[in-house]
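Undergrad: Provided below for reference: sequence and predicted model.
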Amino acid sequence: MAETVKKPVQITETVLRDAHQSLIATRMTTDEMVPIIDKMDKIGYRAVECWGGATFDAALRFLHEDPWDRLRKFRDGFKNTKLQMLFRGQNILGYKPYPDDVVEYFVQKSIANGIDVIRIFDCLNDLRNLETAVKTTKKEGGEAQVALCYTLGKAYTLDYWVNMAKEIEAMGADSICIKDMAGLLLPQAATELVTALKSGSKLPIELHTHYTSGAASMTYMKAAEAGCDILDCAMSPFALGTSQPATEVMVASFAGTPYDTGLDLTALAEIANYFRPIREKYIANGLMNPKSLGVDIKTLQYQVPGGMLSNLTNQLKNMNAEDKFYDVLAEVPRVREDMGEPPLVTPSSQIVGTQAVMNVLTGERYKVVPQESKDIFAGKYGKSTLPFNKEVQKKCIGDVEPITCRPADLLEPGLPKFEKEVANYKQQDEDVLTYALFPEVALDYFKYRDAQNTGIDVKKADTVNKAYPV
Ligand code: CO
């Protein structure tokens with residue numbers, strides 16, 4: 001038998017970010033997280049993903065918590081472990097492109113408050129939208145990981161991914177993430193993709209997927225065998241379903257193989273014991289839906305991320321049009337093709353989903369066109385992978401000349417205006433960033449905070465711990 005080379009895989013733990021974003025609409029509170037930090041810090045994870053994505057918005061909007069304060073508490077507790085965040089490129093943690101000065105300041109403050117690794121992606125895989133964030137991360141001494149948003153379609157050949165990996169390496173990124181939002185990467189494809197990326201780039205490769213389609217742990221095994229360096233897993237009480245494969249299961253499965261993570265299963269079991277009652281609480285209060293814990297084969301059939309499926313269900317329910325669900329699902333790939341076949345990830349997933357709903361409910365395609373759809377066709381989110389459907393583009397934006405440059409090149413600096421608007425509420429430098437991203441939600445939170453500080457008895461909004469889509 002040929003001698004096997006020892007190639008341990010590392011684990012990034014997602015229980016404090018993606019796992020609860022996927023399973024309980026991002027509602028885990030800081031108080032629920034802090035007591036277990038000390039134990040998590042001793043495990044030896046490659047990193048703990050704990051910030052960014054929807055956590056920022058949800059903390060403010062539903063929990064009345066300052067996300068910056070949460071980050072500082074993490075930093076205080078995690079003395080040996082790298083903290084990782086998810087960053088939507090030029091869209092930061094929001095839903096539209098921001099000017100460079102806001103992106104730079106956000107990166108700077110994230111690192112200053114404790115983030116070590118920033119995973120940066122663009123919803124169109126337009127790498128120009130990552131330049132500012134990557135450059136600033138490096139400048140501030142952080143680790144820049146660039147994610148390629150994995151999706152299927154005519155354009156997405158192995159060559160496409162390898163070329164993207166080469167460009168990412170040339171940009172000065174420290175590592176590459178395959179970000180599979182929908183769980184579309186099946187085991188055999190993972191072997192091919194990781195092998196191809198490894199041959200095209202010297203950077204460490206991390207794989208991030210979701211269990212939605214039921215294939216994720218098989219995919220991880222194949223990816224490790226093909227040389228994948230890091231895998232994203234979640235502690236078992238917040239694993240599987242629409243979340244990630246379970247940390248303990250992957251650790252046990254790799255033990256004694258060339259991919260042995262070296263992590264201590266007994267120590268992990270103690271952490272699982274801590275999170276289990278929290279899981280029970282969210283099952284009991286209805287926030288954790290048994291539906292999101294099973295296998296959803298629709299995600300493979302329609303190539304739609306689980307989060308997008310539940311958003312569409314909610315949108316249609318609000319419009320009393322639940323019977324149109326499958327018509328909308330069939331319209332999603334058509335809209336996606338009109339828009340140049342983008343990956344479906346925030347915010348492109350919302351834009352494609354909302355347009356598909358409009359097209360079905362009005363009975364005429366592109367009769368109603370939200371501003372975000374117009375902006376996509378006008379090039380304001382960046383370059384699409386394939387060309388737009390010209391006819392549809394014309395119907396949506398008329399004679400407007402689409403832009404072809406990096407969209408942020410056309411945006412005026414934003415900070416002076418935001419500083420002025422937030423002046424009355426500002427208690428820390430970071431408040432201007434909170435306001436820049438979510439103006440209305442931020443003001444509500446600042447007013448709540450002011451009232452707390454003056455001792456007026458303001459009850460927490462009763463939205464806390466209720467099920468609302470993020
Ligand atoms: Co994810």
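TA: On my side now, so go ahead. Numbers count the residues shown, from 1 in each chain.

Undergrad: Longest helix in this protein, please.
TA: Ranked by residue count, the top helix of the chain under DSSP state H comes out as helix 265-284.

Undergrad: buried stuff in that one?
TA: Using 16 or more other CB atoms under 10 Å as the test for burial, helix 265-284 gives 268, 271-272, 275, 278-279, 282. C-beta: built from backbone N, CA, C; applies to glycine.

Undergrad: got it, and stretch 388-407?
TA: If you call a residue buried by 16+ other CB under 10 Å, then stretch 388-407 has these buried ones: 388-389, 392-393, 396-397, 406-407.

Undergrad: So for it, first residue to last residue, what's the gap.
TA: Terminal residues of stretch 388-407 are spaced 17 Å apart (CA to CA, to the nearest Å).

Undergrad: still on that earlier bit, among the buried residues of helix 265-284, which one sits closest to residue 57?
TA: Here the nearest of those to residue 57, counting by CB to CB, is residue 282; it sits at 18.8 Å.

Undergrad: show me the residues around that closest one that make contact.
TA: Taking CB atoms under 8 Å, 6 or more residues apart in numbering, we find residue 282 in contact with 23-24, 27, 288.

Undergrad: nearest to residue 197, of those?
TA: residue 23 (28.8 Å).

Undergrad: Helix, strand or coil: sort out residue 51 for me.
TA: Recorded secondary structure, residue 51: strand (DSSP: H, G, I helix; E, B strand; the rest coil).

Undergrad: Kindly state the beta-bridge partners for the closest residue to it other than its chain neighbours.
TA: The shortest distance from residue 51 to any non-neighbouring residue, by CB to CB, 6 or more residues apart in numbering, is to residue 85 (4.1 Å). Bridge pairing for residue 85 (DSSP bridges) gives the partners residue 51, residue 118.

Undergrad: okay, now residue 85: neighbour count?
TA: 26 (other CB atoms under 10 Å).

Undergrad: gap between it and residue 312?
TA: Per CB to CB, to the nearest Å, residue 85 is found 27 Å from residue 312.

Undergrad: swap in residue 359?
TA: Residue 359 sits 13 Å away from residue 312, going by CB to CB.

Undergrad: same thing with residue 330?
TA: 12 Å.

Undergrad: In terms of neighbours, single out the busier of those two.
TA: residue 312 (21 against 12).

Undergrad: My read is that the more buried one contacts residue 331, right?
TA: No: counting by CB atoms under 8 Å, residue 331 is not a contact partner of residue 312; they are 10.2 Å apart.

Undergrad: in the chain, which spans are strands?
TA: For the chain, strands defined by DSSP state E occupy the ranges 10-13, 47-52, 83-87, 117-120, 143-149, 175-179, 205-208, 230-233.

Undergrad: Ok, which of the ones you listed comes nearest residue 38?
TA: Of these, the one closest to residue 38 (CB to CB) turns out to be strand 47-52, at 12.4 Å.

Undergrad: contact partners of that closest one?
TA: Residues lying outside strand 47-52 but in contact with it, judged by CB under 8 Å, 6+ apart, are 12-14, 16-18, 33, 40, 67, 70-71, 74, 78, 81-87, 93, 110, 115-119, 232.

Undergrad: Mind checking which of the contacts of residue 282 are in helices?
TA: Counting by DSSP H, the contacts of residue 282 place residue 23 in helices.

Undergrad: if I look at residue 389, how far off is residue 398?
TA: Counting by CB to CB - residue 389 and residue 398 are separated by 15 Å.

Undergrad: actually residue 382, not the one I typed
TA: Counting by CB to CB, the separation of residue 382 from residue 398 is 21 Å.

Undergrad: With residue 130 instead?
TA: From residue 130 over to residue 398 the distance is 31 Å, taken as CB to CB.

Undergrad: Check residue 339 too.
TA: Taking CB to CB, one finds residue 339 at 17 Å from residue 398.

Undergrad: and what of residue 217?
TA: According to CB to CB, residue 217 and residue 398 sit 49 Å apart.

Undergrad: Equivalent analysis for residue 417, please.
TA: 29 Å.

Undergrad: is it true that residue 367 touches residue 358?
TA: Yes: using CB under 8 Å, residue 367 makes contact with residue 358 at a distance of 7.5 Å.

Undergrad: which residues does residue 378 contact?
TA: Residues in contact with residue 378, defined by CB under 8 Å, 6+ apart, are 397, 400, 402-403.

Undergrad: what's the answer for residue 227, then?
TA: 7, 194-195, 198, 205.

Undergrad: repeat that for 10 Å
TA: Residue 227 sits next to 5, 7, 9, 191, 194-195, 197-199, 204-205, 259 when contact means CB atoms under 10 Å, 6 or more residues apart in numbering.

Undergrad: likewise residue 109?
TA: Applying CB under 10 Å, 6+ apart, we find residue 109 in contact with 68, 71, 115, 140, 428-430, 432-433.

Undergrad: Out of those, which is nearest to residue 350?
TA: Using CB to CB, residue 433 comes nearest to residue 350 of the contacts of residue 109, at 21.7 Å.

Undergrad: And for that closest one, nearest residue in space, chain neighbours not counted?
TA: Leaving aside its sequence neighbours, residue 433 sits nearest to residue 106 (CB to CB, 6+ apart; 5.3 Å).

Undergrad: Could you do residue 239 as well?
TA: Among residues not flanking residue 239 along the chain, residue 246 sits closest, at 3.7 Å (CB to CB, 6+ apart).

Undergrad: how many neighbours does the one you found have?
TA: 24.

Undergrad: That one is in contact with residue 272, isn't it?
TA: Yes: between residue 246 and residue 272 there is a contact at 8.6 Å, judged by CB atoms under 10 Å.

Undergrad: who touches both of those two?
TA: Common neighbours of residue 246 and residue 272 (criterion: CB under 10 Å, 6+ apart): 235-239.

Undergrad: Now the residues you listed in TSV, please, with extra columns for neighbour count, pLDDT and distance to residue 58.
TA: Output for these, formatted as TSV (neighbours: other CB atoms under 10 Å; pLDDT from 0 to 100; distance: CB to CB, whole Å):
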residue	neighbour count	pLDDT	distance to residue 58
235	28	98	19
236	20	98	23
237	22	98	19
238	29	98	15
239	28	98	20
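
Undergrad: Which one of those is nearest to residue 163?
TA: residue 239 (33.3 Å).

Undergrad: Which of the shared contacts of residue 246 and residue 272 sits closest to residue 304?
TA: Taking CB to CB as the measure, residue 304 lies nearest residue 239 of these, at 21.4 Å.

Undergrad: thinking the closest one is in contact with residue 268, fair?
TA: No: look at residue 239 against residue 268 with CB under 10 Å: they stay out of range, at 11.6 Å.

Undergrad: Need the overlap of contacts for the two.
TA: In contact with both residue 239 and residue 268: 246-248, using CB under 10 Å, 6+ apart.

Undergrad: picking up where we left off before, of residue 367 and residue 358, which one has the most company?
TA: Comparing residue 367 with residue 358 by other CB under 10 Å, the one with more neighbours is residue 358, at 20 against 11.

Undergrad: What sits closest to the more buried one if chain neighbours are left out?
TA: Nearest to residue 358 is residue 368, by CB to CB, 6+ apart, at 4.5 Å.

Undergrad: I appreciate the help and will end here.
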